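Chemist: test case, fold it:
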Amino acid sequence: MIEIEDQWVRGWLVEVPTRRRRLFHWLQANRHKSRYKFGQTPLRAVALIYGSRLLLVVSAPMSSAFYGSATYTKAGIVAFIILVAYWAANFLGRFWTTSKSGEEDAMSLAIVRAGDLLSRIDGRSLPDDCKVRSIGSCLGLIEAFVRHLIEGGKGEVSVALAVYTAGSSSQLRIIARNPGNERAVNDKPFDGELVIGHYVAQACNDPRPVYDLKQFPKKFHHSPTRSKVTYRSFMIFPLAVKDGDIRKVVGFISIDSPRPYAFYGNRANRITVACEAVVDHVLHLL
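Modeler: Numbers count the residues shown, from 1 in each chain. Below you'll find the model as predicted:
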């Protein structure tokens, strides 16, 4: 592992999450997930939906109390028990919902097959301008899959390719983004010292998700293109080649979203597996 001056980043790279830390991430992920879902629904609609459910749950015991079949105290206790059982069943049901599993599997299979096809194409013989366009198309495949996986809207997911400049192991340049991305491309070289993707690429072989940028020190809240930072979570795919026993880092692919914890849990694993062949093809085009 490379020597990293910043103690915080070094600790994060080698961190083995404790049970307490895993519980913290789980609670944060579910909090942000709920906030996102509520944010997609008008407040009046949310109040109407949950208010009607509440009335339906308590209507039977309250009706019994109204007609004298039970006291209001007993009816209130029964209504509370029913309400707790209802919300518990609703909460647990979220973990066993399989209605979209077939659709997600089909999307995963599609990008895996696309990656298989790309792996059979020798991109090294392409002209440089064709390579850049091919890389952009590959980043577009990744963007489409990730957007589908996290149920994101158009423009919510951004995919970029950053490569090290010739002879440097710290100066980076963004050379491609997914089609339709309005952020800067082919910008001036920037220093990787304050870019988390640089540390991940140098230290890790496998992709690494960042759940929430706000959990990092403020000096890492830095955009390499000097534009406003609009993302909160991202995932880094290190790009490296081996020359014998020597590992040469070429750059990294960054996938980001303005939504915190967008790549939490099994999502990161699914992205890694599904996009592996596409990422390898990008590496071969460099």
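Chemist: for this protein, what spans make up the strands?
Modeler: 158-164, 171-177, 190-191, 208-210, 233-243, 246-257 (DSSP state E).
Chemist: contacts only, for Arg232.
Modeler: The contact partners of Arg232, by Cβ atoms under 8 Å, 6 or more residues apart in numbering, come to Asp212, Leu213, Lys214, Ser257, Pro258, Arg259, Pro260, Ala262. Bear in mind the C-beta positions are built from the backbone N, C-alpha and C, glycine included.
Chemist: which of those count as buried?
Modeler: Buried members of these, counted by 16 or more other Cβ atoms under 10 Å: Asp212, Leu213, Ser257, Arg259, Pro260, Ala262.
Chemist: could you check how far the residue lying closest to the second one once chain neighbours are set aside is from His32?
Modeler: Read that as Leu213. Counting by Cβ to Cβ, 6 or more residues apart in numbering, the nearest residue to Leu213 once its immediate chain neighbours are dropped is Arg232, at 5.4 Å. Distance of Arg232 to His32, computed by Cβ to Cβ, to the nearest Å: 9 Å.
Chemist: and what of Ser125?
Modeler: The value you get for Ser125 to His32, if Cβ to Cβ is used, is 45 Å.
Chemist: tell me which of the two has more neighbours.
Modeler: Neighbour count, other Cβ atoms under 10 Å: between Ser125 and His32, His32 has more, with 19 against 8.
Chemist: surely that one and Tyr261 touch.
Modeler: Yes. His32 lies in contact with Tyr261 (Cβ atoms under 8 Å); the separation is 4.9 Å.
Chemist: wait, Gly140 touches Ala176, no?
Modeler: No. Judged on Cβ under 8 Å, Gly140 makes no contact with Ala176 at a distance of 10.0 Å.
Chemist: so between these two, which is more surrounded?
Modeler: Ala176 (25 against 17).
Chemist: quick check: beta-bridge partners of that one?
Modeler: Leu161 (DSSP bridges).
Chemist: who touches it in this structure?
Modeler: Applying Cβ under 8 Å, 6+ apart, the residues contacting Ala176 are Val132, Ile135, Gly136, Leu139, Ala160, Leu161, Val185.
Chemist: could these be laid out in CSV, adding neighbour count and pLDDT?
Modeler: Below are the contacts of Ala176 laid out as CSV (neighbours: other Cβ atoms under 10 Å; pLDDT from 0 to 100):
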residue, neighbour count, pLDDT
Val132, 17, 83
Ile135, 22, 89
Gly136, 20, 89
Leu139, 25, 92
Ala160, 23, 92
Leu161, 28, 93
Val185, 16, 82
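Chemist: got TSV for these, with distance to His284 too?
Modeler: Shown next, in TSV, are the contacts of Ala176 (distance: Cβ to Cβ, whole Å):
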residue	distance to His284
Val132	14
Ile135	10
Gly136	15
Leu139	14
Ala160	18
Leu161	13
Val185	20
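Chemist: could you list which of the residues you listed belong to helices?
Modeler: Counting by DSSP state H, these place Val132, Ile135, Gly136, Leu139 in helices.
Chemist: okay if I get these as TSV plus distance to Asp191?
Modeler: Putting the ones in helices among the contacts of Ala176 into TSV (distance: Cβ to Cβ, whole Å) gives the following:
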residue	distance to Asp191
Val132	24
Ile135	23
Gly136	25
Leu139	23
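Chemist: out of those, who's nearest Lys242?
Modeler: Ile135 (21.0 Å; Cβ to Cβ).
Chemist: the closest one and Asp206, how far apart?
Modeler: 21 Å.
Chemist: Val278 - how many residues pack around it?
Modeler: Neighbour tally, Val278, other Cβ under 10 Å: 25.
Chemist: list the contacts of it.
Modeler: Counting by Cβ under 8 Å, 6+ apart, Val278 has contacts Ile111, Ala114, Gly115, Leu118, Cys138, Leu141, Ile142.
Chemist: tell me the contacts of the last one?
Modeler: It refers to Ile142. Each residue near Ile142 by Cβ under 8 Å, 6+ apart is listed here: Ile111, Val159, Asn178, Ile253, Ile255, Ile271, Cys275, Val278, Val279.
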